[in-house]
Structure formats: C-alpha cells, structure tokens
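take this sequence and fold it.
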Amino acid sequence: MLDIKFICENPELVKENIKKKFKDNKLPLVDEVISLYGEKCDANNRANELRANRNKVSKQIGMLMGQGKREEAEEMKKLVNEQAEELKALEAKEDELSKKVLEIQMKIPNIVDESVPVGKDDSENVEVKQYGEQSHPDFEIPYHTDIMQLFDGIDKDAAGRVGGEGFYYLMGDIARLHSAVLAYARDFMIDKGFTYCIPPYMIRSKVVTGVMSFEEMDAMMYKIEGEDLYLIGTSEHSMIGKFIDTITPEEKLPLTLTSYSPCFRKEKGAHGIEERGIYRIHQFEKQEMIVICKPEESMEWFNKMWSYSVELFRSMDIPVRTLECCSGDLADLKVKSYDVEAWSPKQQKYFEVCSCSNLGDAQARRLGIKVKGADGKKYLAHTLNNTVVAPPRMLIAFLENNLRFDGEHYSFVIPKALQPYMGGKTIITSDKKL
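Got it, this is the predicted structure:
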C-alpha cells in the first residue's frame, strides 16, 4: 500500500506504474483518492479550527461569568453548542472519508522496482538462469500420480469420497518421502540461520487484508463461517502477521524465520494438465521463509532467499531455473518477484515450485510493522517471503527426475541429502508394472 502523501505528490508516477501493470481500470482510483483525501484534510482543518475556537470561547465564558456578565456568557454558550454540532458532523465525515481513502489506497498497486521487465502476464516472464542439466530419459516417464501408484503411494479416489476433488491420501514410502523433504527443508533453513516456527493456521481478517490484495484474497482464502477467521493459504501470512502493530529496535534486524504449516487454497483458475493429479490442490504442506529487514537491505535479502531455493533443489538432483516475473504478473503488493521452476522430464518443460517476493513496505504499512532507528526515529520495515519447499509440487519434480526403469521395474533414487530422513535408504523399487 502506497503512502497517501506519496500518491498526492506523485500522481503521474503512480498512474504510470498502474499502466506498467496493465491495470488501466485502476487509473481513476488515483484522482479519486486524491480528491477524497483533500476533502478529508479540509474537514480535519475545519474541525481543528472549531476545537481551538471552543477552547478559546470556553475561557472567555469563564471570564464573563466571573465578571457577572451572564447574558453575554449565555450567548457565547449558544455559539459553542452550535459549533459542537458542526464539529460532531465533521468528525463523522472525517471518519467516513478516512475509510474510503484507505479502501482505495489498498487497491492501488505498489511501485514495482525499476529492474522489473514490463510485460502483460506470466507468458512474458524472463528466464534469468538455468541450474543443472535437463534430463531426457530413454523411457517414457509416467504421469506423476501413476508413479505414486506404482509405489502404493497415493489414493485420490478415497480422498474424493472423503473431501471431494482436490484432496489426496499419501501412503507408505511416498508419504515418508513427503515428510522427509519437509524435515530436510526445515534443517536446511535452520542451518542458514533462520529461526524455526510453527504458526497459527487461522488468521483474522485484519491480517489477511494486511498481507495480500483483495483479488488474491478472493481467489485463495477459505473463510470460517460465523468467525472472523480465515484458513491460511500459506504460512507467510501468519508469519508476517506475527509482527502486526510492533516496533522492533533496529539492532535486532533482520528478523529471519522459517515456518512449517498446512495450507488451504480455493485454487481458482486451474487449467490443462495441471488440473489433474496434485499440481493444484486444496490442502498441502509447506516450508516457508520470511525476512523483515531495513529497506536498504531488502534487495540483498531477496537475492539470498531465491538462491536458497535453488541450492535446496539442486541438492536433491533436480534441475531448476529462475524466472523474473514481469510487471503484469506481479500481485499488487509486490515490488519484485522471482519464480524458481523445476524441470519436468514428463512434460519436457519447467514448472513453478517456489516464488520469492520483495514487498517493500506495503505489508508493513498495512500492518503497522515499524522499526526504531538508532536516532529514535521510527520507520516502516521491508518484508520478503519465499517458498522453501511445497512437497506436492516438489514430489512431482523429485519423482520425475529421480525415476529409474530397468526394463521391468521402476525405482527412484534417494539423494544423499535425504537419506538420513529416509532411514538410510538409497533406492526404493516398485514390484508393480504399469
């Protein structure tokens, strides 16, 4: 969320940024919010005049009463009462205008970093670099749920009867692999100096609107009926919310946390091959990382965070690439974002497994996350988040890239990094055939 004073002082810059994000329908919001803020300021100025006058007249009434000039004092009391009614109306108007201004502020996109490429949507994202060689096996890679079924590792039919479409049971070695990846990711981030945390899985509406745009909220969040609570779509929301209305001494920054949680999502808009299997599901588990830091350090942390994801996936023998998200693919609060994509031998293309975002001070402004500098002055922190690993997508990438076929049986190799979490196993073989 942009500071209202910044919007008023830089309307053309704000409009140009909206155009970069190809959201021209939001252009009228700039003039509208400036006009409403002007009305609010006028109402505030008039209210302040009335308050000052009330104090002045009250003293005069006291003096007149002391001098025995009761009639003059009564006339001045009438004036005070009339102005009290006007003041009451102005305060109500000011409150109403403040709410309208804030509502529009929250719809105006954050200013994207000047390094972000301009593009309409994710089709215009820019590849930055590839890590590891793409694999092209000499046998046909089965669809990922078929691979899991070879190892008695998934039951979507039973899950469909229990919860409906978008849920699954993981079983046996596949379920163990899922947990092993999460445990390894947790320890990987702890070794990077991050503090491990298990957060609340439900958050209040004030936190939801503080961490994400209204469009994201509608597309993702499940609301608890009859409660001011939402199921989290990702633990970064709960983790950033941890610091709502706080002031952190500058010397304690950066705050670096890694969190585990289940996640719940509506997943509107799934399409193509990613509609099937476990690409897009309503419930999954995830290891996340967040950073709260000084503004001048946020880009340095941004680069560290996405590089941790690359390092983690490469340690499990999964080829990946980094993509810079173009302006039109950035959610309203984001300043800059990279996707980390894993190679799919089945599809012979990359697909998203991690998303690293720098949100500048947008979340901090909405949630009141402040820092107290060495000089005693307070300022807004910068917030960042990144997926460490989300095993449903991770399992797809892992199984496809580590699958082996000897002409009769399928097996998958356990990379060295995961072996301690899999009871020392180095390979798992299926006794089934497709």
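
which residues of this structure fall in helices?
Ranges of helices in the chain, per DSSP state H, are 4-9, 11-20, 27-66, 70-105, 144-150, 156-162, 172-191, 205-211, 214-220, 235-241, 298-314, 362-367, 391-402.

now the ones you listed in JSON lines, with mean neighbour count and distance to Ala331?
Every residue, glycine included, has its C-beta placed from N, CA and C. Output for the helices of the chain, formatted as JSON lines (neighbours: other Cβ atoms under 10 Å; distance: least, Cβ to Cβ, whole Å):
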{"stretch": "helix 4-9", "mean neighbour count": "15", "distance to Ala331": "19"}
{"stretch": "helix 11-20", "mean neighbour count": "16", "distance to Ala331": "14"}
{"stretch": "helix 27-66", "mean neighbour count": "15", "distance to Ala331": "17"}
{"stretch": "helix 70-105", "mean neighbour count": "14", "distance to Ala331": "16"}
{"stretch": "helix 144-150", "mean neighbour count": "21", "distance to Ala331": "28"}
{"stretch": "helix 156-162", "mean neighbour count": "13", "distance to Ala331": "30"}
{"stretch": "helix 172-191", "mean neighbour count": "19", "distance to Ala331": "24"}
{"stretch": "helix 205-211", "mean neighbour count": "20", "distance to Ala331": "11"}
{"stretch": "helix 214-220", "mean neighbour count": "15", "distance to Ala331": "6"}
{"stretch": "helix 235-241", "mean neighbour count": "26", "distance to Ala331": "12"}
{"stretch": "helix 298-314", "mean neighbour count": "20", "distance to Ala331": "15"}
{"stretch": "helix 362-367", "mean neighbour count": "24", "distance to Ala331": "10"}
{"stretch": "helix 391-402", "mean neighbour count": "24", "distance to Ala331": "19"}
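
closest one to Tyr279 among those helices?
Proximity to Tyr279 (Cβ to Cβ) singles out helix 391-402 among the helices of the chain, at 7.0 Å.

need the helices of the chain in CSV with mean pLDDT, can you?
Shown next, in CSV, are the helices of the chain (pLDDT from 0 to 100):
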stretch, mean pLDDT
helix 4-9, 97
helix 11-20, 98
helix 27-66, 85
helix 70-105, 83
helix 144-150, 94
helix 156-162, 92
helix 172-191, 97
helix 205-211, 93
helix 214-220, 80
helix 235-241, 95
helix 298-314, 98
helix 362-367, 96
helix 391-402, 92
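
just tell me which of the ones you listed ends up closest to Lys346.
Of all the helices of the chain, helix 391-402 comes closest under Cβ to Cβ, at 5.3 Å.

can you tell me what sits against the closest one?
135, 141, 144, 147-148, 174, 177-178, 181-182, 277-279, 281, 284-286, 313, 316-319, 342-346, 351-353, 412-415 (Cβ atoms under 8 Å, 6 or more residues apart in numbering).

for Lys334, which of the helices of the chain is the nearest?
For Lys334, the closest of these is helix 362-367, at 8.0 Å, according to Cβ to Cβ.

once you drop chain neighbours, what's closest to Gly132?
Pro319 (3.4 Å; Cβ to Cβ, 6 or more residues apart in numbering).

and for Leu170?
Setting aside the residues directly before and after it, Leu170 is nearest to His178 in space (Cβ to Cβ, 6+ apart), at 5.5 Å.

now Glu86
Nearest to Glu86 is Leu50, by Cβ to Cβ, 6+ apart, at 6.3 Å.

can you tell me which residues contact Asn358?
Contacts for Asn358 (Cβ under 8 Å, 6+ apart) come out as 113, 298-299, 301-302, 334-337, 382, 384.

can you do 10 Å?
Applying Cβ atoms under 10 Å, 6 or more residues apart in numbering to Asn358 gives the contacts 110, 113, 291, 293, 298-299, 301-303, 305-306, 334-338, 382-386.

also Gln363?
1, 110, 207, 210-212, 236-237, 240-241, 243-244, 290, 292, 333, 369, 380-385.

and it, how far from Glu127?
Counting by Cβ to Cβ, to the nearest Å, the gap from Gln363 to Glu127 is 28 Å.

and stretch 156-172, end to end?
This stretch, stretch 156-172, spans 14 Å end to end (Cα to Cα, to the nearest Å).
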